[in-house]
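Engineer: mind folding the following:
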Amino acid sequence: MTRLKPRIVKILIFLLSILFTVICAVLLTKNLNKGYDGLETAGAIVFTVLMILFFSPPLLLSVTYFYTDLTKKVFLDESRKQIIVRKWGKETVITADEIKDSFYVKADELFSGLRHYRFPMYKYVMLILKERKRVCITNLLCEPEVVIRVLDLNYKLIYTDVPFIKWNLGSGVLTTKEYEAKVQEFEKNFQEHTNTKLADIVSQRNVYADYAREAATRILNKRKH
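Structural biologist: Numbers count the residues shown, from 1 in each chain. Now for the predicted structure:
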C-alpha cells in the first residue's frame, strides 16, 4: 500500500501562483492609485474588476486544491485495486464496485486560441460513490491517470478552461431512497404490461434504466407466486 503525499513540484507551482496573484494585485492597486487619477471613477472601478477577474482564478484554484487534498490521507493499494481515504477520523475504502460514476476534469492542453484563458496545470478526478458520496483527488497528490488505472475507471472526461472543483458532479446518481421511490413508481406504471413485455424490459439493459428493469423484475417475481 502506498500513501499519496503532496508533490513538492505541484506545491511550489501552486504557491507561486498565489504569490504571483498577490503581488500583481498589490502592484495594480498602487498603479491604479498613482497612475490613473485622471480616470473617471466608473472607469477605474471597471478596470479593477477586470483585473480581479483575471487574477483570481489561479488563487481560488490553488486554495481549493490545497484544502481538498491536504485535509485527508489517501492510500493506493494496487494489488487489491482499491483506494483508502481517511478524513476527519473516518475511513472510506473505495473499490470499482463502490463507484457509481466518475469524472476526469481538466483543461484541454491541445486547444490553441488566444481567446481562451486556461489553466492546464490544474486537474482532478471526482469519484461518485454509493448514496452519492463524493471523493475528489486532485493532481496535488497524484495525476488522475494513476487513480484511473488503479480502479480501472470508466470515467467521463470533462474539458474546461478553469477546472474548479465541482461538487455537484454526479447529481444524477440516485441514493437508495431515491432509487426505491423510482422502482415503486415504475411498478405502478408497468402493472398492465404482459409478462412478455416485462421480460423484454428486463433484457434491454442499454434501453431501460436500472430502476425500470428492477420494477419489471419484481412484478414478474410476484406473478410467479
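
Engineer: all helices of this structure, in order?
Structural biologist: Counting by DSSP state H, the segments of the chain that form helices are 8-35, 41-70, 144-151, 176-189, 195-203, 210-224.

Engineer: in the last one, what counts as buried?
Structural biologist: Of the residues in helix 210-224, those buried under the neighbour-count criterion (16 or more other C-beta atoms under 10 Å) are Y211, A212, R213, E214, A215, A216, T217, R218, I219, L220. Placement of C-beta: from N, CA and C, glycine included.

Engineer: for it, packing partners?
Structural biologist: helix 176-189, helix 195-203 (3 or more C-beta pairs under 8 Å, 6 or more residues apart in numbering; DSSP states H and E).

Engineer: mind putting those into TSV with mean pLDDT?
Structural biologist: Below are the helices and strands packed on helix 210-224 laid out as TSV (pLDDT from 0 to 100):
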stretch	mean pLDDT
helix 176-189	95
helix 195-203	95
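
Engineer: may I see these arranged in TSV, with mean neighbour count and distance to S56 as well?
Structural biologist: Formatted as TSV, the helices and strands packed on helix 210-224 follow (neighbours: other C-beta atoms under 10 Å; distance: least, C-beta to C-beta, whole Å):
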stretch	mean neighbour count	distance to S56
helix 176-189	14	36
helix 195-203	14	51
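
Engineer: can those helices go into CSV with extra columns for distance to E131?
Structural biologist: Converted to CSV, these look like this (distance: least, C-beta to C-beta, whole Å):
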stretch, distance to E131
helix 176-189, 6
helix 195-203, 25
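
Engineer: got the contact list for L129?
Structural biologist: By C-beta atoms under 8 Å, 6 or more residues apart in numbering, L129 lies in contact with T92, I94, E98, I99, K100, V135.

Engineer: hang on, the earlier thing: T160: which of the buried residues of helix 210-224 is nearest?
Structural biologist: Y211 (30.6 Å; C-beta to C-beta).

Engineer: wait, what's in contact with the closest one?
Structural biologist: By C-beta under 8 Å, 6+ apart, the contact set of Y211 is L174, Y179, K182, V183, F186.

Engineer: so what's Y104 bridging to?
Structural biologist: Note on Y104: beta-bridge partners V125, L157, judged by DSSP bridges.

Engineer: from the contacts of L129, which two are the most distant?
Structural biologist: T92 and K100, at 14.0 Å, using C-beta to C-beta across the contacts of L129.

Engineer: ok so, going back, out of the buried residues of helix 210-224, which comes closest to S203?
Structural biologist: S203 has its nearest neighbour among these in R213, at 8.4 Å by C-beta to C-beta.

Engineer: got a pLDDT number for that closest one?
Structural biologist: You'll see R213 listed with a pLDDT of 95.
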